[in-house]
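Q: Fold the stuff below for me.
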Amino acid sequence: MPLELNLYFPDAKHVTVSLTDGNRREETELLDFTSPLSEKGIQHLRWYLEEFPHQYSAEIDFNLAQQVSKQLPVLGNALFSKLFSKRVPMRLFKKFRDNERHGRVLTITANHLGILVLPWELLHDTGKSDKFLIHKTPGISIRRRLPGQHQQIAPINPKQQLHALFVISRPNNVNFIDPRAIALPLLNALDKSSAKRITMEFLRPATLKQLHERLNNQKLPRVDILHFDGPFIFDAEGRIENQAKQDLQTIPQDLQQEAASVLIGKNSSYLSFEKDNGKTHLVPALLLTKLLNRHQIPLVILANVNRSVSEKQDINSVAAMM
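A: Residues are numbered from 1 along each chain as shown. The predicted structure is shown next:
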């Protein structure tokens with residue numbers, strides 16, 4: 001079993017740190033937590049990661065980009081200090097860090113968007129070098145998880161060849177975005193470096209039913225990588241709950257039981273698949289998670305186009321909700 005260090009946030013101001021190794025589990029008491037990032041700092045970081053790399057005008061703010069870049073280790077170390085400044089959580093962290101087995105996982109468990117959107121990938125235990133936690137050898141994976149989602153971490157079995165399934169969803173009732181902007185660079189990279197090691201397949205049409213049937217088809221290659229490129233919607237106020245419930249009634253029959261256990265409404269996240277008529281089919285992120293876990297897909301890549309229906313956009317990726 002992988003070694004897992006879990007940061008559980010029952011609310012935005014408290015955290016419990018636990019270390020799980022097989023059947024052994026150690027846990028701290030409830031600890032106080034305050035985010036070291038201001039709202040302005042989060043906005044600058046979001047701009048640096050999401051907008052700056054794609055700007056092509058003469059007004060690019062390189063000075064701000066350089067300032068943000070220099071602050072990355074500092075921010076990561078500040079976040080680390082807020083978690084592990086006390087003796088017991090630091091002891092658990094050191095046990096996690098010094099156990100150099102493959103497959104170590106750091107999990108952030110929270111139901112609060114302000115926690116999920118923090119840059120956990122910047123965690124930095126020294127601040128004096130360029131070694132972020134995710135750069136440790138062997139590698140450490142970082143994942144976000146909602147409370148109650150305790151899927152077992154499946155061991156990784158190395159293979160000589162991988163099979164990737166591309167799901168490119170473009171419902172005809174939303175603004176069209178050219179899929180080549182994302183697909184072509186990825187395909188070119190795979191073609192140059194991994195042509196013999198990664199085979200590719202495209203799902204047609206991009207419906208949940210078609211995906212379900214494809215994953216169940218044992219005559220075709222087993223899917224190792226699923227790449228979803230399509231709109232997602234985060235609904236903070238539950239404005240599209242009724243539409244989502246209607247769409248759930250049309251899912252494949254053997255997914256109905258899993259769909260019944262998925263709560264939707266406020267703070268719900270959806271991926272937009274296509275219906276048979278080409279219009280949007282809202283699929284709760286948690287339902288897709290259950291489907292992919294059923295088939296033990298090792299890697300899921302989400303290239304989402306954000307379509308918030310909220311007045312305030314707190315989260316910019318559906319991945320945190322899966």
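
Q: Around residue 120, how many other residues sit close by?
A: The number of residues packed near residue 120 is 21, by other Cβ atoms under 10 Å. Bear in mind the C-beta positions are built from the backbone N, C-alpha and C, glycine included.

Q: Now it: phi and psi?
A: Here is the backbone geometry of residue 120 (degrees, to the nearest 10): phi -60, psi -20.

Q: ok, it - contacts?
A: Counting by Cβ atoms under 8 Å, 6 or more residues apart in numbering, residue 120 touches 79, 106, 108, 142, 144.

Q: In contact with the nearest residue to residue 79 once chain neighbours are set aside, which residues?
A: Take residue 79 and drop its neighbours on the chain: the residue closest to it by Cβ to Cβ, 6 or more residues apart in numbering is residue 36, 5.6 Å away. Residues counted as contacts of residue 36 (Cβ under 8 Å, 6+ apart) are 75, 78, 79, 81, 82.

Q: hang on, the earlier thing: farthest-apart pair in the contacts of residue 120, please.
A: Largest separation among those by Cβ to Cβ: 79 and 144, giving 14.1 Å.

Q: rewinding a little: sec struct for the residue nearest to residue 79, please.
A: Counting by DSSP: H, G, I helix; E, B strand; the rest coil, the backbone at residue 36 sits in coil.

Q: and the gap between it and residue 88?
A: As judged by Cβ to Cβ, to the nearest Å, residue 36 and residue 88 stand 20 Å apart.

Q: Likewise for residue 134?
A: In this view, residue 134 and residue 88 are 24 Å apart by Cβ to Cβ.

Q: do the same with residue 298
A: From residue 298 to residue 88 the distance is 33 Å (Cβ to Cβ).

Q: Okay, and residue 290 sits in which element?
A: Element membership of residue 290 [criterion: DSSP states H and E] is helix 285-294.

Q: which strands and helices sit next to that helix?
A: Counting contacts by 3 or more Cβ pairs under 8 Å, 6 or more residues apart in numbering; DSSP states H and E, helix 285-294 packs against helix 208-216, helix 256-260, strand 268-274.

Q: Tell me the buried residues in the second one?
A: Spelled out, it's helix 256-260. The neighbour-count check on helix 256-260 (16 or more other Cβ atoms under 10 Å) flags 258, 259 as buried.

Q: Residues in contact with that helix: which ones?
A: Contacts with helix 256-260, where a contact means Cβ under 8 Å, 6+ apart, come from 248, 251, 284, 287, 290, 291.

Q: pLDDT check: weakest of those residues?
A: pLDDT across these is lowest for residue 290, at 88.

Q: Sheet-wise, list the partners of the longest strand anywhere in the chain with their directions.
A: For the chain, the strand with the greatest residue count under DSSP state E is strand 225-235. Strand partners for strand 225-235, identified by DSSP bridges, are recorded as strand 162-168 (parallel), strand 268-274 (antiparallel), strand 299-306 (parallel).

Q: Can I get the longest helix seen in the chain in CSV? Just the C-alpha atoms.
A: Criterion DSSP state H: the longest helix present in the chain is helix 62-84. Listed next in CSV are the C-alpha coordinates belonging to helix 62-84 (Å, rounded to 0.1, in the frame of the first residue of the first chain):
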residue,chain,number,x,y,z
PHE,A,62,7.3,40.7,-17.3
ASN,A,63,8.2,42.5,-14.1
LEU,A,64,5.2,41.1,-12.2
ALA,A,65,5.9,37.7,-13.7
GLN,A,66,9.5,37.8,-12.4
GLN,A,67,8.3,38.9,-9.0
VAL,A,68,5.8,36.0,-8.7
SER,A,69,8.3,33.5,-9.9
LYS,A,70,10.8,34.5,-7.2
GLN,A,71,8.1,34.2,-4.6
LEU,A,72,7.1,30.6,-5.4
PRO,A,73,9.6,28.9,-3.0
VAL,A,74,8.8,31.5,-0.4
LEU,A,75,5.1,30.9,-0.7
GLY,A,76,5.6,27.2,-0.6
ASN,A,77,7.7,27.4,2.6
ALA,A,78,5.2,29.7,4.2
LEU,A,79,2.4,27.2,3.5
PHE,A,80,4.6,24.4,4.8
SER,A,81,5.3,26.3,8.1
LYS,A,82,1.6,26.9,8.7
LEU,A,83,1.1,23.1,8.7
PHE,A,84,4.3,21.6,10.3
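
Q: Give me the contact list for that helix.
A: 7, 15, 17, 31, 33-37, 41, 44-45, 47-48, 52, 89-90, 93, 118-120, 122-127, 129-130, 132-133.

Q: rerun at 6 Å
A: For helix 62-84, the surrounding residues in contact (Cβ atoms under 6 Å, 6 or more residues apart in numbering) are 33, 36, 44, 48, 52, 90, 93, 122-125, 127, 132.

Q: Go ahead and build a PyMOL selection from the buried members of the residues you listed.
A: What follows is the PyMOL syntax for the buried subset of the contacts of helix 62-84, where burial is set by 16+ other Cβ under 10 Å:
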select buried, resi 33+36+44+48+52+90+93+122+123+124+125+132
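
Q: follow-up on the earlier one: closest to residue 268 out of the contacts of residue 36?
A: Proximity of these to residue 268 was ranked by Cβ to Cβ; the top entry is residue 79 with 27.3 Å.
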